[in-house]
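Engineer: Need coordinates for the below:
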Amino acid sequence: MSGIVIIDDDALMRSLLAEWLVGEGYRVQLGEPAPGAPAPDAVIVDVYMPRHLGAERLRAARELHPGVPIIAISGHFHSDVRYAGPAADALGVDRVIAKPFGREAFLDVVRSVIG
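Structural biologist: Below you'll find the model as predicted:
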């Protein structure tokens with residue numbers, strides 16, 4: 001199935017998201033996409049990491065894989081933030097999801113960008 005890159009500084013969150021995705025049959029890569037590697041089907045980025053790392057990694061993923069759907073996750077988003085709309089537009093991503101989120105809500109967002 002699809003390959004998804006997860007970029008998050010929280011090891012527990014990375015592991016949980018990977019477990020959910022692998023359980024659905026997706027291939028997962030933890031960490032930044034490698035230069036020259038085939039483009040992933042989606043990139044999931046925690047956008048509020050310390051020292052602006054999330055924004056830097058978001059920019060790097062966008063530059064490395066233009067056109068690849070990006071899902072921004074963060075505990076700093078309000079729980080009423082819609083998956084697509086002004087917050088996603090402001091970040092230049094395809095979808096956003098506020099932490100904490102459940103498995104099904106997360107997988108719904110992933111499916112909405114890659115099927």
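Engineer: For beta bridges, what are the partners of the residue nearest the centre of the chain?
Structural biologist: Centroid check for the chain by C-alpha atoms, centre = their mean gives residue 44 as the closest residue, at 1.3 Å. Taking DSSP bridges as the rule, residue 44 bridges to residue 6, residue 71.
Engineer: Quick check, it in contact with residue 17.
Structural biologist: Yes - here residue 44 lies in contact with residue 17, judged by C-beta atoms under 8 Å, at a distance of 6.6 Å. Every residue, glycine included, has its C-beta placed from N, CA and C.
Engineer: Which parts of the protein are helices?
Structural biologist: When assigned using DSSP state H, the helices of the chain occupy the ranges 11-23, 53-64, 86-91, 103-114.
Engineer: next one: stretch 4-22 to chain centre, how far?
Structural biologist: 9 Å (C-alpha atoms, centre = their mean, to the nearest Å).
Engineer: re earlier: of all the helices of the chain, which lies closest to residue 71?
Structural biologist: helix 103-114 (5.9 Å; C-beta to C-beta).
Engineer: so what's residue 110 up against?
Structural biologist: 4, 21, 26, 42, 44, 71 (C-beta atoms under 8 Å, 6 or more residues apart in numbering).
Engineer: where does residue 75 land on pLDDT?
Structural biologist: Here, the pLDDT recorded for residue 75 equals 67.
Engineer: Could you work out the most separated pair of the contacts of residue 110?
Structural biologist: 26 and 71 (12.6 Å).
Engineer: which stretch among the helices of the chain comes nearest residue 37?
Structural biologist: helix 53-64 (8.8 Å).
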